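**Q** prediction below, plus the sequence it came from.
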Amino acid sequence: MTVFLIHWLVVAIGLGAAAYLVPGVRVSSGVALAVGALVLGFVNAVVKPMMVLLTLPLTVLSLGLFYFVINAAAFALAAALVPGFSVSSFWAALFGALVVSLVSWFVGGFLAA
C-alpha cells in the first residue's frame, strides 16, 4: 500500500510540473491533480499496454517513435476522463506526457536511492 501511495505522489508531482511547464496542460485544483494522477496511473497500467500491443507494427516501422504518440494518447485520455484536468492539443499532450515521465523517473530514482 505504501508503494502505491508513493507512486501516486510521484505521478502527481509530475502532473503538477507538466501543468506548470507546458502551456496547454491545465489542472484546476489539488483534487483534480490527485484524481488526475490516479486516473493517469490507471490508464498507463490498463489501457496503454493494450494500445501498445495493437499498434506494435506501427511502432516497429517507426523505430519506436510511435510510442510517443501512444503516451500522448494515454495522457489525453486521462485528461478527458477527469474534470478539472484538460489538454488543449496533441502537442500539449505529447509534451505533458514527456514532462510527467521525466519528472516521475527523476523523483522515483531519487526516492529509491
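**A** Received the coordinates, thanks.

**Q** quick one: the strands in this protein?
**A** 25-27, 85-87 (DSSP state E).

**Q** which of the residues in the longest helix anywhere in the chain are buried?
**A** Longest helix in the chain, counting residues (DSSP state H): helix 90-112. By neighbour count with 16 or more other CB atoms under 10 Å, helix 90-112 contains the buried residues 92-101, 103-104, 107-108. Just so you know, the C-beta spots here come from the backbone N, C-alpha and C atoms, and that holds for glycine as well.

**Q** the residue of the chain most remote from its centre and Leu15, how far apart?
**A** No residue in the chain sits farther from the centre than Leu61, which is 23.9 Å out by CA atoms, centre = their mean. According to CB to CB, to the nearest Å, Leu61 stands 31 Å off from Leu15.

**Q** re the thing from before, turn the strands of the chain into CSV, including mean pLDDT, mean neighbour count and distance to Lys48.
**A** Listed next are the strands of the chain as CSV, based on pLDDT from 0 to 100; neighbours: other CB atoms under 10 Å; distance: least, CB to CB, whole Å:
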stretch, mean pLDDT, mean neighbour count, distance to Lys48
strand 25-27, 96, 22, 18
strand 85-87, 96, 22, 16
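
**Q** which one of the ones you listed lies closest to Leu54?
**A** With CB to CB, the closest approach to Leu54 among the strands of the chain belongs to strand 85-87: 21.7 Å.

**Q** name the helices or strands packed onto the closest one?
**A** Applying 3 or more CB pairs under 8 Å, 6 or more residues apart in numbering; DSSP states H and E, one finds that strand 85-87 makes contact with strand 25-27, helix 30-42, helix 66-81.
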